[in-house]
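# structure, please.
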Amino acid sequence: MDPGRNRWSSLAPLSACLACAATSALACDDPCRVGDLLRFAMPAAVATHELWRDDHDGLGQFGRSWILTLGATEVLKRWTRVERPDRSDDMSFPSGHASQAFAAAAYMHRRHGLGEAWPWYGAAAYVGWTRVRAGRHRWVDVAGSAALAGASSRYLVSPVGAKGVSVAPVLAPGLIALEVRATW
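Numbers count the residues shown, from 1 in each chain. I've put the predicted structure just below:
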């Protein structure tokens, strides 16, 4: 594939996703609803991007990372029981909306580099801002979501063209081990 096409290829699905969000914003005049839309549109745009590039390995890695991020988000919400700023319930930390958006951004960063990921981070930060603006979360909830997504991508996603050996600790109940991965 043409390197110039690769460098800017992530902007096509993200642009379509942002165009839909902008249309929604103009129709409803509510940024919070745009954040609601982007939390689904961003992961869908990443999947579209990887299918367009014919990167089925990347698509699988994104799926696993996304599922781990959302699963960890739900576990932490129930475990930490942090009350929302609007006092509607005690499931504020971390933000589910921001987790979905940052899962897309962190994947793009890990798989394709910061050069392709920075617009995705901007959109994810916007989703986080809408949640804070709506009074449903604090900035620490959004930061926790970004950290979860980053950790998940770091563990489950390999950069395109990466070669070498990596070693990672594996900790689970009753298990302490090292995972060794080699690619060539």
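
# which secondary structure element contains residue 182?
Assigned by DSSP states H and E, residue 182 belongs to strand 175-183.

# neighbouring strands for that strand, and are they parallel or not?
strand 164-172 (antiparallel) (DSSP bridges).

# was I right about residue 120 contacting residue 103?
No. In this structure, residue 120 is not within contact of residue 103 by C-beta atoms under 8 Å, at 10.1 Å. Placement of C-beta: from N, CA and C, glycine included.

# higher neighbour count, those two?
residue 103 (30 against 27; other C-beta atoms under 10 Å).

# are we agreed that that one is in a helix?
Yes. Under DSSP: H, G, I helix; E, B strand; the rest coil, residue 103 falls within a helix.

# and the pLDDT at the residue most central in space within the chain?
The residue lying closest to the centre of the chain (C-alpha atoms, centre = their mean) is residue 103, at 1.2 Å. Listed pLDDT for residue 103 reads 98.

# tell me the buried residues in the top helix by length along the chain?
Scanning the chain for the helix with the most residues, using DSSP state H, yields helix 56-80. By neighbour count on 16 or more other C-beta atoms under 10 Å, the buried set for helix 56-80 is 58-59, 61-66, 68-70, 72-73, 76-77.

# stretch 76-93 too?
Buried-residue list, stretch 76-93, by 16+ other C-beta under 10 Å: 76-77, 82, 84, 91-93.

# hmm, back to that, list of residues touching the longest helix of the chain?
Applying C-beta atoms under 8 Å, 6 or more residues apart in numbering, the contact partners of helix 56-80 are 43, 46-47, 50-51, 91-96, 99-100, 102-104, 106-107, 111, 144-145, 148-149, 152-153, 155-158, 160.

# got the buried residues for stretch 109-121?
Within stretch 109-121, the residues scored as buried using 16+ other C-beta under 10 Å are 109-112, 116-117, 119-121.

# farthest pair in those?
Spatial extent of the buried residues of stretch 109-121 (C-beta to C-beta) is set by the pair 110 and 119 at 15.5 Å.

# residues touching residue 46, list them.
By C-beta under 8 Å, 6+ apart, the contact list for residue 46 reads 13, 62, 104, 107-108, 120.

# so which of these would you say is closest to residue 38?
So of these, ranked by how close each gets to residue 38 (C-beta to C-beta), first place is residue 104, at 9.2 Å.

# just checking, the closest one touches residue 47?
No. Taking contacts as C-beta under 8 Å, residue 104 lies outside contact range of residue 47: 9.1 Å.

# and those two? Which one has more around it.
Using other C-beta under 10 Å, the more surrounded residue of residue 104 and residue 47 is residue 104, with 34 against 17.

# only alpha carbons, please: show stretch 32-49 as CSV.
C-alpha atoms of stretch 32-49 as CSV (Å, rounded to 0.1, in the frame of the first residue of the first chain):
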residue,chain,number,x,y,z
CYS,A,32,-23.6,15.7,25.3
ARG,A,33,-25.6,13.9,22.7
VAL,A,34,-22.7,14.2,20.4
GLY,A,35,-20.5,12.5,23.0
ASP,A,36,-23.1,9.8,23.2
LEU,A,37,-22.8,9.2,19.5
LEU,A,38,-19.0,9.4,19.3
ARG,A,39,-18.6,6.7,22.0
PHE,A,40,-20.1,4.2,19.5
ALA,A,41,-18.9,5.9,16.3
MET,A,42,-15.2,5.9,17.2
PRO,A,43,-14.8,2.2,17.7
ALA,A,44,-16.9,1.6,14.6
ALA,A,45,-14.6,3.9,12.7
VAL,A,46,-11.5,2.0,13.9
ALA,A,47,-13.0,-1.2,12.8
THR,A,48,-13.8,0.3,9.4
HIS,A,49,-10.3,1.6,9.1
